[in-house]
Structure formats: structure tokens, C-alpha cells
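>>> Have a look at this fold, sequence not included:
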Ligand SMILES: C[S@@+](CC[C@H](N)C(=O)[O-])C[C@H]1O[C@@H](n2cnc3c(N)ncnc32)[C@H](O)[C@@H]1O
């Protein structure tokens, strides 16, 4: 399972002037707990499984800036994005409803809005967030392609149906964001807005190459 704590949110907030964090897939709320140490005005996290959402709501009941939403991520984004103001860090980590909590199999359900909602999530973010300079962190790259992932290749039961590819990420965001891959853990994709981009932010690779490179500047061990 990917970890938001891999990423240096303090630096991201400072360099990209992000005021909110929007997480899809709350699970027990460890991503929210990490994010709440930083200077966000609002942290929204969406969880599809009612039992998990209930526990997360209880965990953050006293934290005023945290809003745990019980819904599927696509419906929640459709409702919330038209109202969301300010640059936002999106931590897109919703997949395999209930499987990490052992309430369901990784194989259960159909890809699309619920089991693997990433494509639809990005479609909505692309539609509603054109006026903002958002940073996006996508978890579980290994679901979409093979590579030298620290934690190995995706198990067969967690494979998407049909062709595996993250071409959709490029289709939606190539014109507005620089897109990087990391092979740490189960793999991440990081998107940084071109408008606020500072060339010195990156230690590795040449940003102007077409081929993506790992951006380790924001990664913490
Ligand atoms: C990998 S865990 C999330 C971990 C969490 N983001 C963190 O940083 O600690 C994935 C969570 O997403 C939830 N989930 C799966 N599909 C979802 C969907 N379509 N909408 C919302 N939540 C979903 C699962 O039930 C599970 O709790």
C-alpha cells in the first residue's frame, strides 16, 4: 500500500501554494493523519466502505479541517470539485473497495467507477480544475504497467481488465503538468503544474525530455 508520508508536503505546500488536500480512499486515515500535520485549510477524504468511513470519522471528529466523506470517489469529486477553491494536493488512492481491510477480494467488482476509479477521477479533475495549479499524486502505478517496483509486480487478482496503461494520465494532463514516475513501494505517478514549476526542484533527469523520470526531490524515506 502506498504512503502519503513518502512525500514532502511541507515543501509542496510552500512551492505550489496548495491550500487543500483531497484524498480518495481513506482506509484507516493514516494519509489524513500525516496531512493534518501541515498547513492545509481543508482536508477532504472519501471512503466508499461505510464501516471504514465511520471509523475514520470518529478518528478525526476533533479535527475541524478534516472532512471524511462516505461515498464513492467519482460521485464525491463530481459534487465537491465545482465548489473547491484554492490549489489542491490530490492524493488519489481509491481502489479495490474493502480489500485492504479484508472485507472483500481484490478481484471483486468491475473496473470503472468503483474498483479502479482513477481514470474517471482524473477526467473530473481535468474538467473542473483548469483554473488551479494542483499537484497530483497517484498511487499504485504497478496496477497500470510493469516496472522495477520496490514491492514487485502487481498480483494477478489486482490487475485491471483489458489493456494496462496510464496513457489516460498523459491525455488529461500532459499540456498542464510535468508527469513523473516513482518505482518506490507499489509505484507512484506525480504531476506538478507547469505554471509554478521551478527547474531546481528536481534532482534527477531532464524535465524537458518526453520520457518521464523519477522526481525524488519530494520523496522522503
Ligand atoms: C489503499 S487504501 C487507502 C489508504 C489511504 N489513502 C492512506 O493513505 O492511508 C484504499 C481505500 O480506498 C477505498 N476505496 C476503494 N475504492 C473506492 C472508491 N471507488 N471510492 C472511494 N473509496 C474507495 C478502499 O475501501 C480502501 O479503504
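Sure thing, it's come through. Everything quoted here is computed from the prediction, not taken from an experiment.
>>> where do the helices sit along this structure?
Here the chain has its helices, by DSSP state H, at 9-16, 30-35, 50-59, 73-80, 118-128, 167-173.
>>> Can you add mean pLDDT and mean neighbour count and give those helices back as CSV?
Any C-beta I mention is one placed from the backbone N, CA and C, and that applies to glycine too. Below are the helices of the chain laid out as CSV (pLDDT from 0 to 100; neighbours: other C-beta atoms under 10 Å):
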stretch, mean pLDDT, mean neighbour count
helix 9-16, 89, 17
helix 30-35, 97, 20
helix 50-59, 97, 16
helix 73-80, 98, 20
helix 118-128, 98, 19
helix 167-173, 97, 17
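>>> In JSON lines, list the ones you listed along with distance to residue 107.
JSON lines is the format used below for the helices of the chain (distance: least, C-beta to C-beta, whole Å):
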{"stretch": "helix 9-16", "distance to residue 107": "33"}
{"stretch": "helix 30-35", "distance to residue 107": "24"}
{"stretch": "helix 50-59", "distance to residue 107": "19"}
{"stretch": "helix 73-80", "distance to residue 107": "19"}
{"stretch": "helix 118-128", "distance to residue 107": "17"}
{"stretch": "helix 167-173", "distance to residue 107": "22"}
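>>> where does the protein dip in pLDDT?
Regions of the chain meeting the criterion pLDDT under 70 cover residues 196-221.
>>> re earlier: which one of the helices of the chain lies closest to residue 152?
helix 118-128 (20.3 Å; C-beta to C-beta).
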